[in-house]
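Q: Need coordinates for the below:
(2 chains)
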Amino acid sequence: EPEVTQTPSHQVTQMGQEVILRCVPISNHLYFYWYRQILGQKVEFLVSFYNNEISEKSEIFDDQFSVERPDGSNFTLKIRSTKLEDSAMYFCASTRDKLYEQYFGPGTRLTVT
Amino acid sequence: AQSVTQLGSHVSVSEGALVLLRCNYSSSVPPYLFWYVQYPNQGLQLLLKYTTGATLVKGINGFEAEFKKSETSFHLTKPSAHMSDAAEYFCAVTGYTNAGKSTFGDGTTLTVKP
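A: The predicted structure is shown next:
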């Protein structure tokens, strides 16, 4: 069964550094999402992406964040200058149609020191 | 706008007992509702979903949920709890005008006692 994959599974970085989190969505899906989950808290929406552009973003998704689908298979989340409070689990999700269920990847745990 | 409220951040049941996890939603458009389970240090696994049609939906691992529009609820139940059901459960709502984004509840931690 096809699945969403994410790399790396765990990323440790120093405050102020740039990180890129990578996701490979399911191949025939058209809508892509990033969510984050701070330890012990709920899952929060960051951004949705369709037709090579952002369709919606949350207040969390400020200028330090960006997303890209560089090659038709990968979907990346870049954090330009990480802060301590960016430490969280980041989940990528994809779906064929925005009304269908979203398939989540296993997540990348980002630790900012 | 959409929101989800999960009543009870922690629920504890005995093995074999009924599991009831509560979820109420708010949505300005017809909602699509989901329950996800998360085991420690793992991702989100879909348990079941309501989109349209039958209001009682069955999912994996013996779970089911009933969509009650009049009560804006989508409670999750399982007749008999197993030890393996111990996990975090999240209710989520998606509205078709919101680019399909999902809004999650705070989660309920289910503990199953032997």
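
Q: residues from chain B in reach of chain A?
A: Applying C-beta under 8 Å from any C-beta of the partner chain, we find that chain B lies next to chain A at B:32, B:34, B:36, B:42-46, B:49, B:51, B:90, B:92, B:94, B:96, B:98-107. C-betas here are computed from N, CA, C, even on glycine.

Q: Pull out the buried members of these.
A: B:32, B:34, B:36, B:43-44, B:46, B:49, B:90, B:92, B:94, B:98-107 (16 or more other C-beta atoms under 10 Å in any protein chain shown).

Q: where does chain A have its least confident helix or strand?
A: strand A:103-104 (a mean of 90; mean pLDDT, DSSP states H and E).

Q: Which neighbouring elements make contact with that one?
A: Packing partners of strand A:103-104 (3 or more C-beta pairs under 8 Å, 6 or more residues apart in numbering or on different chains; DSSP states H and E): strand A:88-95, strand B:44-50.

Q: Can you name the residues in contact with it?
A: A:3-4, A:25-26, A:29, A:35, A:91-95, B:36, B:43-46 (C-beta atoms under 8 Å, 6 or more residues apart in numbering or on different chains).

Q: which residues touch the residue positioned nearest the centre of chain A?
A: In chain A, the C-alpha nearest the mean C-alpha coordinate belongs to A:Trp34, at 3.3 Å (C-alpha atoms, centre = their mean). By C-beta under 8 Å, 6+ apart, the residues touching A:Trp34 are A:21, A:23, A:46-47, A:67, A:77, A:90-93.

Q: could you redo those as CSV and give each row distance to A:Ser55 and pLDDT?
A: Shown next, in CSV, are the contacts of A:Trp34 (distance: C-beta to C-beta, whole Å; pLDDT from 0 to 100):
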residue, distance to A:Ser55, pLDDT
A:Leu21, 19, 98
A:Cys23, 16, 97
A:Leu46, 12, 97
A:Val47, 8, 96
A:Val67, 11, 97
A:Leu77, 15, 98
A:Tyr90, 19, 97
A:Phe91, 18, 96
A:Cys92, 15, 96
A:Ala93, 14, 94
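
Q: what subset of these is also close to chain B?
A: Filtering the contacts of A:Trp34 for neighbours of chain B using C-beta under 8 Å from any C-beta leaves A:91, A:93.

Q: of all the contacts of A:Trp34, which comes closest to chain B?
A: A:Phe91 (6.4 Å; C-beta to the nearest C-beta).

Q: That closest one - how many residues pack around it?
A: For A:Phe91, the neighbour count with other C-beta atoms under 10 Å in any protein chain shown is 25.

Q: So it versus A:Arg80, what's the distance?
A: Noted for A:Phe91: a distance of 20 Å to A:Arg80, by C-beta to C-beta, to the nearest Å.

Q: for A:Glu18, same thing?
A: For A:Glu18 relative to A:Arg80 (C-beta to C-beta), the value is 5 Å.
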